[in-house]
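I would like to see how this sequence folds:
(chains A and B)
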Amino acid sequence: QQPVQSPQAVILREGEDAVINCSSSKALYSVHWYRQKHGEAPVFLMILLKGGEQKGHEKISASFNEKKQQSSLYLTASQLSYSGTYFCGTELRAGSEKLVFGKGTKLTVNP
Amino acid sequence: KAGVTQTPRYLIKTRGQQVTLSCSPISGHRSVSWYQQTPGQGLQFLFEYFSETQRNKGNFPGRFSGRQFSNSRSEMNVSTLELGDSALYLCASSYSPGPTGNEQFFGPGTRLTVL
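Numbering: from 1, shown residues only, chains lettered A, B, ... in the order given. As a prediction, this is how the structure comes out:
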C-alpha cells in the first residue's frame, strides 16, 4: 500500500529540471507532497485531488494521473533552496483516516 | 503565529524503559497526528487525535499510545522500548481532522535513541 517514489535520489546543477514520481498500486483519491530539508520539519507543498483540483501555496508544478495512479512533481529551473527530501502521501478515498507516505526522493541541487 | 512545538527534541533511553513525547499544535488546530520517521521506512502514521478522541491508528503495537488534552496538546507514550523504536517522531497539526484536503503543519520532531 505504500506508494513508490522514483527516483530515490537525484543530483542537479542549479537551473536544471527534475521530475519526481509517486506511483500507487491502488486507485487514489488524492496525493499530498511535502519537502523536508535536512534537520527540519516536513513542509507542505501541494495537494492534488481526484477530479483535477489542486491546493498549494508554493510555485511548484505537479500532475495527478488518476488512471495511472501516479503523481509527478516538476521542479523546473531548480534553485539551491530546492534541495531536500520530497515525500508523497497518498489517500485512497475521500474522508480516509490517514496518509500513506512514500520513502522519499532526495534532491540535491549544486551550484 | 507560533508553529508546532515538540518536546523534548532529543532523548536517549535504554531498552525496556518508557518514554513520553509532547506536541503543542498551532493555536486553533484541533487535530494532531503522530508519525515515526526512519531511514528505511520513511514516514509512518502512528495515530491521529481530534477533540481529545483517537480517530485512527496505524499498524503499530499497543506499546505505542497517545492522548490529547482539552487544549489540543498531545502526548505519545512508548512503553517497553525496543532498539527498533529509535527514530524521529514527528507530530503534525491541522485545523480539521483527517487528511482530505488538509495541509498538515509538522513540528521539528523528537529524536529518540534507544540503547
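
quick check: which element contains the closest residue to B:Asn59 other than its chain neighbours?
Closest residue in space to B:Asn59, ignoring its immediate chain neighbours: B:Gln44 at 8.0 Å, by CB to CB, 6 or more residues apart in numbering or on different chains. C-betas here are computed from N, CA, C, even on glycine. Taking DSSP states H and E as the criterion, B:Gln44 maps to strand B:42-50.

so what strands line up beside that strand?
Using DSSP bridges, the strands paired with strand B:42-50 in its sheet are strand B:31-38 (antiparallel), strand B:53-57 (antiparallel).

who's in contact with that strand?
By CB atoms under 8 Å, 6 or more residues apart in numbering or on different chains, the surrounding residues in contact with strand B:42-50 are A:2, A:42, A:87, A:89, A:97-104, B:30-38, B:54-60, B:64, B:66-68, B:74, B:76, B:89-90, B:97-98.

so who does residue 98 touch?
Since you didn't name a chain, this refers to chain A. A:91, B:33, B:45, B:48, B:56, B:58, B:98-99.

right idea, wrong chain: chain B
A:95-98, B:31, B:48, B:55.

cool, and B:Arg63?
Taking CB under 8 Å, 6+ apart, we find B:Arg63 in contact with B:78-80.

how near is the residue nearest to it when sequence neighbours are not counted to chain A?
Of all residues not flanking B:Arg63 in the chain, B:Ser79 sits nearest, at 4.9 Å (CB to CB, 6+ apart). Noted for B:Ser79: a distance of 23 Å to chain A, by CB to the nearest CB, to the nearest Å.

so which residue of chain A comes closest to chain B?
Among all residues of chain A, A:Glu97 sits closest to chain B, at 3.5 Å; criterion: CB to the nearest CB.

A:Glu97 is in what secondary structure piece?
For A:Glu97, there is no helix or strand it lies in under DSSP H and E.
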